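A.B. asks: what's the 3D shape of this:
(one chain, ligands or ions: 1)
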Amino acid sequence: MRIIEAENYQTVSEAAASIIIDKVKTTPQLTLGLATGGTPVGTYEWLVKDHQKYDTSYEHVSTYNLDEYVGIHPSDQQSYHHYMDKYLFNHINIKRSHIHIPDGTAMDVQAEASRYEGLIHSINGVDLQLLGIGGNGHIGFNEPGTSFTKETHIATLARSTREANARFFSSMEKVPKQAITMGIQTILKSKEILLLASGEQKAGALLGLIRGDISEDCPVSVLRNHDHVTVIADHAALSLIKQKNM
Ligand SMILES: N[C@@H]1[C@@H](O)[C@H](O)[C@@H](COP(=O)(O)O)O[C@@H]1O
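C.D. replies: Residues are numbered from 1 along each chain as shown. Down below sits the predicted model:
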């Protein structure tokens, strides 16, 4: 695991964007796994700035998002579909037919999860998966206690995850209780993984990733079993690891 320490959120975002841009330039048909939440917003802003300035092309790039809330329509402001359009897709030259996000309003969400897993399987896992991290160590919506053998499935969100994500909704009651998420197995199929962390609220989860046991109690710890992971984290996110080193 390669760990890049950055000064702050801005420099985490810039470093992540520069890795992604290099990949897009060297592998025009790149398959890119994308994440949502507050953390990747800065990275997407850099990708958009770079595209506007240098015309980096996404014409042949395909994207696969990690997850989507169950019951939230793609046109809804709180959907991850909307988030991706707002922060990235509306501003780059990606083809709509190359964008993949699970449909949280499918009639049969279990069948939708299987369909989505089939898509990732058909490309043998994405080339590069971008990840954020939950304060409790979740990745995608794989909460503590989720089996490492899970593929794309319907997850029940932990209360702490719903509370953390309530800032994007008008009230806590509006935060969905379930999501379709790539499973740990699906994420581990990625050829390369880029995990971003910023802020001291992520310090415990990063400690679990870097120093803890590999355990389903801390889902992100499974990344130690993958041999091509880069973590970009700022001083605050790495603060507990530094204390341990002292
Ligand atoms: N499903 C997403 C995760 O993919 C994300 O990593 C996490 C952390 O979000 P934030 O970056 O806002 O802290 O939130 C959500 O639960």
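A.B. asks: the lowest-mean-pLDDT helix or strand in the chain - contacts with which helices or strands?
C.D. replies: The weakest-scoring helix or strand in the chain, judged by mean pLDDT, DSSP states H and E, is helix 239-245 (a mean of 86). On a contact count with 3 or more Cβ pairs under 8 Å, 6 or more residues apart in numbering; DSSP states H and E, helix 239-245 meets helix 203-210. No exception for glycine: its C-beta is placed from N, CA and C like everyone else's.
A.B. asks: check whether the helix it packs on contacts the ligand.
C.D. replies: No: counting by Cβ under 6 Å from any ligand atom, the ligand is not contacted by helix 203-210; separation bottoms out at 9.4 Å.
A.B. asks: now that helix: average pLDDT?
C.D. replies: Averaging pLDDT along helix 203-210 gives 97.
A.B. asks: give me the packing partners of that helix, helices and strands only.
C.D. replies: strand 192-197, strand 229-234, helix 239-245.
A.B. asks: if you set the cut-off to 6 Å instead, what comes out?
C.D. replies: helix 239-245 (3 or more Cβ pairs under 6 Å, 6 or more residues apart in numbering; DSSP states H and E).
A.B. asks: buried residues in the helix it packs on?
C.D. replies: Residues of helix 239-245 classed as buried: 239-241 (neighbour count, 16 or more other Cβ atoms under 10 Å).
A.B. asks: touching that helix from outside, list them.
C.D. replies: By Cβ atoms under 6 Å, 6 or more residues apart in numbering, the residues outside helix 239-245 that reach it are 200, 203, 207, 210.
A.B. asks: so among those residues, which ones count as buried?
C.D. replies: By 16+ other Cβ under 10 Å, the contacts of helix 239-245 give 203, 207, 210 as buried.
A.B. asks: up against the ligand, what does this structure have?
C.D. replies: 35-39, 66-67, 132-134, 140-141, 161, 165.
A.B. asks: and the residue nearest the centre of the chain, how far is that from His60?
C.D. replies: With distances taken as Cα atoms, centre = their mean, Ala35 lies nearest the centre of the chain, 2.7 Å away. Distance of Ala35 to His60, given as Cβ to Cβ, to the nearest Å: 21 Å.
A.B. asks: could I get the buried residue list for the strand or helix carrying Ser18?
C.D. replies: Taking DSSP states H and E as the definition, one finds Ser18 inside helix 9-26. Residues 9, 11-17, 19-21, 23-24 are the ones in helix 9-26 that count as buried (16+ other Cβ under 10 Å).
A.B. asks: quick revisit: name the nearest of the buried residues of helix 239-245 relative to Gly145.
C.D. replies: Leu240 (22.1 Å; Cβ to Cβ).
A.B. asks: quick one on the thing from earlier: looking at the buried ones among the contacts of helix 239-245, which is nearest the ligand?
C.D. replies: Ala203 (12.5 Å; Cβ to the nearest ligand atom).
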